[in-house]
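> Sequence and predicted structure are below.
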Amino acid sequence: MALDLAVIGGTGVYRLAALEDVESRSFQTPYGAPSGPVRIGRLGGARVAFLARHGEGHALPPHRVNYRANLHALHQAGARRVLALNTVGGITEAYGPRVLACPDQLIDYTWGRASTFWDGEGEPLHVDFGQPYSPQLRGKVLAAARAAGIEVVDGGCYGATQGPRLETNAEIARMRRDGCDLVGMTGMPEAALARELGLEYACLAIVANWAAGCGDAAEITLEEVLENVAAASAGLPQLIQALLQAG
């Protein structure tokens, strides 16, 4: 049975409290086990799935997440569109702490991650990735934010780094020169894998802190990150409900 929406939660977002009548489903995929159970429930009458990218106890660092298994499990569950919540650092002025943004571009700085479902059998997958986020779903997310009265920055470039360490000042300066507005560790290969599966996929980036050398950046603490994520995420249930109501 198709889902109305699947949501992938990032750092600080380990569940959707608004989900009702929740059932937990465990999936095995050709690529191993996903990060945890897929929680499927009802939100405003719609059927929604939630998966915590890092595991519900945040046991998985970004480079150890089994992105292929996660996307495949959501696809098995009936997902056709995916809203990815990604906790990020802000690089440019409009993307300070506690900002929500819906980026439209992506640069991949990761390495060594399983980045395609193609494992050497059959025809290689050469998906069109010029627009890494689905324009139609992005538009609906932005419209839902407006309907819910939640400010979301439209656009921006997400730079995906390897992690788990944070970046140096020089690395962030290079990313700024490359055109990045946001920096995170989980944007890829997740977006490309969603494209290979034919899923609509959009990112809602939650800015937790200034990136190294940006804004009034000081030493970044986990406490600060979680406080900013909680504040920025407060309106997510209303935004998601507005997205579901729009169809």
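Received, thanks.

> And the residue most central in space within the chain, which helix or strand is it part of?
What sits nearest the mean C-alpha location of the chain, by C-alpha atoms, centre = their mean, is A84, with 3.0 Å. Using DSSP states H and E, A84 sits within strand 81-90.

> That strand pairs with which strands, parallel or anti?
Applying DSSP bridges to the sheet, strand 81-90 is found paired with strand 5-9 (parallel), strand 182-184 (antiparallel), strand 200-210 (parallel).

> after the longest helix that the chain contains, next one along is what?
The longest helix of the chain (DSSP state H) is helix 135-148. Downstream of helix 135-148, the first helix or strand assigned by DSSP H and E is strand 153-154.

> got a list of contacts for that following strand?
Taking contacts as C-beta atoms under 8 Å, 6 or more residues apart in numbering, the residues outside strand 153-154 that touch it are 94-95, 99-102, 104, 142. Any C-beta I mention is one placed from the backbone N, CA and C, and that applies to glycine too.

> The same query, at a cut-off of 6 Å, please.
94, 101, 142 (C-beta atoms under 6 Å, 6 or more residues apart in numbering).

> returning to what we had before: just the strands paired with strand 81-90: most buried one?
Ranked by mean neighbour count, the strands paired with strand 81-90 are led by strand 182-184 with a mean of 28 (mean count of other C-beta atoms under 10 Å).

> what's the following helix or strand after that one?
The element immediately downstream of strand 182-184 (helix or strand, assigned by DSSP H and E) is helix 190-196.

> And for R68, the neighbour number?
Neighbour count of R68, defined by other C-beta atoms under 10 Å: 24.

> does it sit in a helix or strand, and which one?
helix 67-77.

> for that helix, packing partners?
With contacts taken as 3 or more C-beta pairs under 6 Å, 6 or more residues apart in numbering; DSSP states H and E, helix 67-77 sits against helix 190-196.

> mind listing what's buried in the helix holding R68?
Across helix 67-77, burial judged by 16 or more other C-beta atoms under 10 Å covers 67-75, 77.

> need the contact list for R195.
127, 129.

> Give me the pLDDT value at G120.
We have a pLDDT of 68 for G120.

> Dump stretch 60-79 to PDB, keeping only the CA atoms.
Extracted in PDB, the C-alpha atoms of stretch 60-79 (Å, rounded to 0.1, in the frame of the first residue of the first chain):
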ATOM      1  CA  LEU A  60      25.400   5.600  13.300                       C
ATOM      2  CA  PRO A  61      27.800   8.300  12.200                       C
ATOM      3  CA  PRO A  62      27.200   9.800   8.800                       C
ATOM      4  CA  HIS A  63      29.800   7.700   6.900                       C
ATOM      5  CA  ARG A  64      28.400   4.400   8.500                       C
ATOM      6  CA  VAL A  65      24.800   5.000   7.500                       C
ATOM      7  CA  ASN A  66      23.500   2.300   5.100                       C
ATOM      8  CA  TYR A  67      21.900   4.800   2.700                       C
ATOM      9  CA  ARG A  68      21.000   2.100   0.200                       C
ATOM     10  CA  ALA A  69      19.200   0.000   2.700                       C
ATOM     11  CA  ASN A  70      17.400   3.000   4.100                       C
ATOM     12  CA  LEU A  71      16.000   4.100   0.700                       C
ATOM     13  CA  HIS A  72      15.300   0.600  -0.400                       C
ATOM     14  CA  ALA A  73      13.300  -0.100   2.900                       C
ATOM     15  CA  LEU A  74      11.200   3.000   2.400                       C
ATOM     16  CA  HIS A  75      10.600   2.000  -1.200                       C
ATOM     17  CA  GLN A  76       9.500  -1.400   0.000                       C
ATOM     18  CA  ALA A  77       7.200   0.200   2.500                       C
ATOM     19  CA  GLY A  78       5.400   2.000  -0.400                       C
ATOM     20  CA  ALA A  79       7.100   5.400  -0.400                       C
END
